[in-house]
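> Coordinates only, no sequence provided:
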């Protein structure tokens, strides 16, 4: 029935769908309709297909429109105009509560470990020369990284990762961190110091390689230390500025914090996965090259009669190997969790779009265990970093520091007592019976004037 179809908007064929009333009256079997070609134009071999009509005219229930774009199908990887509301979209309330307790526990241990390492360095800085000096800067980076986990524990997550839409007063999750100050602060701390810690690990393996393979001395490595600092602090700053300029900061529903790549898989790939892969791979190459050189040195030392040098070298190699394992295994786990998010992020968005408005989320859509493992592994490196300073040398350094304070305090008291004695002048005189009499006068007064007041005005200074 052509009367129920809308007016055509083209010369060749109709490009509009029928009314809803007509959709119910359609027969079960229909003949394929061949578009009519005008007589004036020849029939082409292939007919252009009709454009597909998107069945979703609005965003899903737990999402809201953003930037008035035409795409609304969350199962489409290119669709980014629907923003999740501040609700249980991917994770349940129970998993969020457990994540807060999980973060508080491991962040506290990380803070204690890194503070102990930094205090050990302040007590005896001479112990931590290159090539082990980068461990101190790694401890500082993980200290700042762990402190950021306490922000969502004291500030509600809605004040950090949520914003209010002005159109319909709906609370939405932040997909652009420039819309929240707290979101920007957390991102700056976590991303900047997180990348800086990985770079200092690369510098640590590089200095080990220079000292073991290239036989660089302490003075040679110290001469290029300024370039280490320039590379370690400038590269994270450049990446951070690039993320802020492009507006890639977004919110994390589970932790209540902001990072990059939580809602955009390509940002996760460019700014996290690729830098971590590069730093970890190059660091492992330097580490293996340094170990190969240490093994050659150990082989040469076996020709000596004294085995003390061999035992010292083996102890150093074991310490470096354990520390390398304690860093590499957690870093690989964190990198694997990021790759897991990159692969499944679009699938999670598509699954969340099928939720009904009144249905409570029974189970988290992503695998929560992987996210908990990522939090644990990102903090365990800061916890195990104290292994390098936890030794008898640290205890002896603390004892010497305390004994030095006691000696300094006793010296100060003796000096004050000496100055107190020197603040008086002692004058002596022999009386007529041959006894010597002592007289004590303040040093700030004139000695002659004091003695003249005591013995008379005609006393000569030579008699004192």
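Structure received. What you see is a predicted model, and the numbers here were worked out from it, not measured in a lab.

> ok, which stretches of the stretch 301-450 of the chain are strands?
Assigned by DSSP state E, counting those that start in this stretch, the strands in the stretch 301-450 of the chain fall at 424-430, 436-442.

> go on, the stretch 51-200 of the chain?
Counting by DSSP E, counting those that start in this stretch, one finds strands in the stretch 51-200 of the chain at the ranges 63-65, 82-84, 162-164, 171-173.

> Buried deepest among those, which one?
Across the strands of the stretch 51-200 of the chain, the average number of neighbours (mean count of other Cβ atoms under 10 Å) peaks for strand 82-84, which reaches a mean of 23. From N, CA and C alone the C-beta is placed, and that goes for glycine too.

> which is the next helix or strand following the strand or helix carrying residue 201?
Element membership of residue 201 [criterion: DSSP states H and E] is helix 181-212. Following the chain from helix 181-212 toward its C-terminal end, the next helix or strand by DSSP H and E is helix 218-223.

> what angle separates the helix or strand following that next one from helix 181-212?
Next along the chain after helix 218-223, taking DSSP H and E as the criterion, comes helix 225-246. Helix 225-246 runs at 150 degrees relative to helix 181-212, counting by axes from the mean of the first three to the mean of the last three Cα atoms, to 10 degrees.

> picking that back up, will you turn the strands of the stretch 51-200 of the chain into CSV that also has mean pLDDT and distance to residue 235?
Below are these laid out as CSV (pLDDT from 0 to 100; distance: least, Cβ to Cβ, whole Å):
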stretch, mean pLDDT, distance to residue 235
strand 63-65, 77, 36
strand 82-84, 81, 31
strand 162-164, 83, 31
strand 171-173, 84, 29
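
> and of those strands, who's closest to residue 284?
Within those, the stretch nearest residue 284 is strand 171-173; the backing value is 36.8 Å (Cβ to Cβ).

> Touching the closest one from outside, list them.
Among residues not part of strand 171-173, those counted as contacts by Cβ atoms under 8 Å, 6 or more residues apart in numbering are 64, 66, 83-86, 89, 158, 161-165, 250-251, 253, 263.

> what's the weakest-modelled helix or strand in the protein?
Lowest by mean pLDDT, DSSP states H and E among the helices and strands of the chain is helix 447-455, with a mean of 50.

> what's near enough to touch the nearest residue to residue 263 once chain neighbours are set aside?
Distances taken as Cβ to Cβ, 6 or more residues apart in numbering place residue 250 nearest to residue 263, at 4.5 Å, with adjacent residues excluded. Applying Cβ under 8 Å, 6+ apart, one finds that residue 250 lies in contact with 173-177, 258-264, 267.

> Just give me the neighbour total for the closest residue to residue 376 other than its chain neighbours.
Counting by Cβ to Cβ, 6+ apart, residue 376 lies nearest to residue 106, which is 5.8 Å off, once chain neighbours are set aside. Around residue 106 there are 21 other residues, counting by other Cβ atoms under 10 Å.

> got a list of what residue 106 touches?
For residue 106, the contact set (Cβ under 8 Å, 6+ apart) comprises 375-376, 379-380, 383.

> returning to that earlier point: what secondary structure does the residue nearest to residue 263 sit in?
Under DSSP: H, G, I helix; E, B strand; the rest coil, residue 250 falls in the strand class.

> how near is it to residue 271?
Residue 250 is 11 Å from residue 271, where distance means Cβ to Cβ, to the nearest Å.

> Now do the shared contacts for those two.
260-261.

> Could you count how many residues lie near residue 159?
Taking other Cβ under 10 Å as the neighbour definition, residue 159 ends up with a count of 13.

> From residue 172, how far out is it?
Applying Cβ to Cβ, one obtains 14 Å for the distance of residue 159 from residue 172.

> Alright, calling it a day.
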